[in-house]
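**Student:** Take a look and give me a structure for this.
(chains A and B)
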Amino acid sequence: MRQIRTFGLAVAAAALATAPALADDIVVGFATAASGFMEAYDKPAQDAAMIRIQEINEAGGLLGRQIRVVTADTKSDRAEGARAGLTVVDAGADLVVVSCDYDFGSPAALVAESAGKVSIFLCAESIKAGIQGVGPHSFSASVLAAVQGATMAEWAYHKRGARTFYRLLDTWTEYNKGICDGFDWMLPRLEGATLIGSDTFVNDDVSIAAQITRIKALPQAPDAIMLCTMMPGAVSAIKQLRDAGITAPILNGSGVDGSYWLSAVPDLSNFFVPVQGSIYGDDPNPEVTAFNAKYREMTGSDPSTQYVYPGYVMIDVWARAVERAGTTEAAAVVAELEKMRDEPTLFGPRTFTSELHHQNRARYLIVETDQGQPRVIDEWTISEPIPVSALLR
Amino acid sequence: MPGLLQILLDALSLGSLYALGALGIALIFGVMRLVNFAHGDVIAFCIFALLWPSVDVVPIVFAGQLPWFLLIPFVLAVGAGLSVLAELAVFRRFRHANPATMMIASFALGFVIRYFLLMLFSSRPKSVQILPGLSQPVELLGARIPLLQVVTILVTIAVLLALVAVLRRTRFGLEMRAAAENFTMARMLGVRANRVIMGAFAMSGALAGAIALILGSQTGTADIMMGSSIMLMAFIATVIGGLGSLFGAVLAGFLLGGVSVAMQFALPLEARPFRDAFVYGAVILVLLWRPQGLLSGRAAKERV
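**Tutor:** Numbering: from 1, shown residues only, chains lettered A, B, ... in the order given. Predicted coordinates for the structure are as follows:
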């Protein structure tokens, strides 16, 4: 049913997209997945973006003009992505929003770049989602994966007294490698912290028994295990680690945030995730909880992971840049975005420079899952930003 | 160096999964020369049969709430039922087509099953708890090992013994072995072809159900793609084992599991991300040495 509805929406949107743009409106074009496997990741962030657009429109619009949305379905396909990018650019999009993932978002972003339009990735966490992979008009609304690994390492060192670390990397995606790269960058900066072992697996490995055996063979259990992986393999890895009787703290990237999967590992404890905002109703900022309620009202369900939030941040910072520039002209908007230093948003400060259109340092909330119950226990910002040279290794 | 017993159990439990998968493919290949690429999607379907169709993030567990003594037969029956349905609706019509056509048909069927699941459940992996009693470590000869590992190995051994008994001791088994040897001749001698083929599909489907239970219990995840990696390994195992040889398929399944675990231990960290490349390299070497497979079945020989 949902598929049919989504399809209907896509058809309607396509019809909209081909209609001539009303000269007075500012147009935001979503070249994102409304079908196929990326839909599950794009849709939540896009819904959050819609909330911010609605708020702006209700408050009188942007530069006194209403924001109008056009969409085109990438169908979770790279070739279709380029076509979808073209469709929204042709429909007069001033901002082109592209898929959550670098690989799936870049075809549309490249189309926007060559048309001289600003493009923003909904929640891509690779450094390539920006200047380095697309061009000077491209941004990402999320935080680099490396910051997540670095945050967890530094936090566990200072707040949990962790000195011995074990690193378990799922080599499936750049995102996973990014988390471990950040961890690797941070570890030598923590005096007395040592890496007592390291191993790899692949997301769809049927079993990680051999990797677990290696951990158990260590003369001493590690103070913390840095697990660089993502769904769906993450659940499998975590479950197998705990089922084998390994109780050491597990540090993760944001990709495993959410309580929707906890039924697979009941009574999970000693489990830590960095998040930009809390979906659990206990965010230190009450406005985040209010946003969650608004999201629920609009979509019928609570945010399922923190990856909803970058969509909101994206429209928020872009709209501020447009307001300051007084135009939607790409060069002027980019210049305003690049002036942002620790620009406060609902989900932590944002900084963009002419070198990096992504966050190499960010405030993270630390969520601990104890007895199967996740809750915010702390927040942490890494002591220094990760240099671009280290990110481009 | 980790305990040898633990490594052996790791290898045996992984090998068990591959062997069960390979057996499911070899059974069907034996009677109708079909490499059934839809097998992996049957595995995924068996897990999703425990959930109520919904695209929500949190799954609605439905049949999955059954107690274990009903849950296990239910999943095996779903696998067997779906496979028999596939034979009735699709493969029966290709009985006289050449093997390549049938293989393409099986690919297509696999896609149909996968997209059917995508439509009902969306692409987001679902978390489920299946047979939670197995999710705990047990003490065995001084090593703490996951109970599921032990159960997997024992179940596989039991399945293999049962299969040998069926093939050796029953009329159906005799017919099946005859059909695998020479299908046309068997038919002429009064073997009921449709019954044998349906039986093979049912057994293969039930094996897919068994894999689904083990995988589901091990990973806690239902994912529409979850059958594909095991399907690939199982297919390779049937080729190494010698297409058409049931025993060869099982042997090769265990070998693949063993080599994969051994590589994970033996390779230096830098080379470990390329573990699968080494495993497949070993596969190529085996095939160069014995192109017909370790224990070649009659079917393969005839075609060479």
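**Student:** what number of residues lie near the residue of chain B found nearest chain A?
**Tutor:** Taking Cβ to the nearest Cβ, chain A has its nearest neighbour within chain B at B:Gly220, 2.8 Å off. Backbone N, C-alpha and C define where each C-beta goes, glycine included. The tally of other residues near B:Gly220 (other Cβ atoms under 10 Å in any protein chain shown) stands at 28.
**Student:** From what I see, it and B:Gln129 are in contact.
**Tutor:** Yes: counting by Cβ atoms under 8 Å, B:Gln129 is a contact partner of B:Gly220 at 6.2 Å.
**Student:** shared neighbours of these two, which are they?
**Tutor:** Taking Cβ atoms under 8 Å, 6 or more residues apart in numbering or on different chains as the criterion, B:Gly220 and B:Gln129 both touch A:Ser263, A:Ala264.
**Student:** count of neighbours near the residue in chain A positioned nearest to chain B?
**Tutor:** With Cβ to the nearest Cβ as the measure, A:Ala264 is the residue of chain A nearest to chain B, at 2.8 Å. Residues lying near A:Ala264 (other Cβ under 10 Å) number 25.
**Student:** Spatially nearest residue to it, not counting backbone neighbours?
**Tutor:** Spatial nearest neighbour of A:Ala264, chain neighbours left out: B:Gly220 (2.8 Å); criterion: Cβ to Cβ, 6 or more residues apart in numbering or on different chains.
**Student:** Backbone dihedrals for the one you found, both of them.
**Tutor:** With angles defined as degrees, to the nearest 10, B:Gly220 shows backbone torsions of phi 70, psi 20.
**Student:** mind checking how far stretch A:148-157 is from the chain centre?
**Tutor:** Offset of stretch A:148-157 from its chain centre (Cα atoms, centre = their mean, to the nearest Å): 17 Å.
**Student:** which residues sit against that stretch?
**Tutor:** Contacts of stretch A:148-157 (Cβ under 8 Å, 6+ apart): A:125, A:162-163, A:165, A:178-187, A:189-190, A:193, A:223-224, A:226, A:228, A:249, A:251-254, A:272, A:274, A:362, A:364, A:366, A:378, A:380-383, A:386.
**Student:** Show the pLDDT at the residue of chain A positioned farthest from its centre.
**Tutor:** The centre of chain A is farthest from one residue, A:Pro219, which by Cα atoms, centre = their mean lies 37.0 Å away. We have a pLDDT of 93 for A:Pro219.
**Student:** Equivalent analysis for the one 5 residues further on, please.
**Tutor:** As predicted, A:Ala224 sits at a pLDDT of 97.
**Student:** Likewise for the one 3 residues further on?
**Tutor:** For A:Leu227, the pLDDT comes out at 97.
**Student:** In three-state terms, how would it be classified?
**Tutor:** When classified by DSSP: H, G, I helix; E, B strand; the rest coil, A:Leu227 comes out as strand.
**Student:** still on that earlier bit, ChimeraX command to pick out the buried ones of the contacts of stretch A:148-157?
**Tutor:** This is how ChimeraX selects the buried members of these, with burial counted by 16 or more other Cβ atoms under 10 Å in any protein chain shown:
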select /A:125,162,163,165,178,179,180,181,182,183,184,185,186,187,190,193,223,224,226,228,249,251,252,253,254,272,274,362,364,366,380,381,382,386
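**Student:** just the helices in chain A please.
**Tutor:** Secondary structure of chain A (DSSP state H): helices at A:2-18, A:39-58, A:78-90, A:102-114, A:145-159, A:174-186, A:209-216, A:233-243, A:286-299, A:309-325, A:330-337, A:388-391.
**Student:** Other residues contacting the last one?
**Tutor:** By Cβ under 8 Å, 6+ apart, the surrounding residues in contact with helix A:388-391 are A:Ile127, A:Leu144, A:Ala146, A:Asp181, A:Trp185, A:Glu355, A:Leu356, A:Asn360.
**Student:** buried subset of these?
**Tutor:** A:Ile127, A:Leu144, A:Ala146, A:Asp181, A:Trp185, A:Leu356, A:Asn360.
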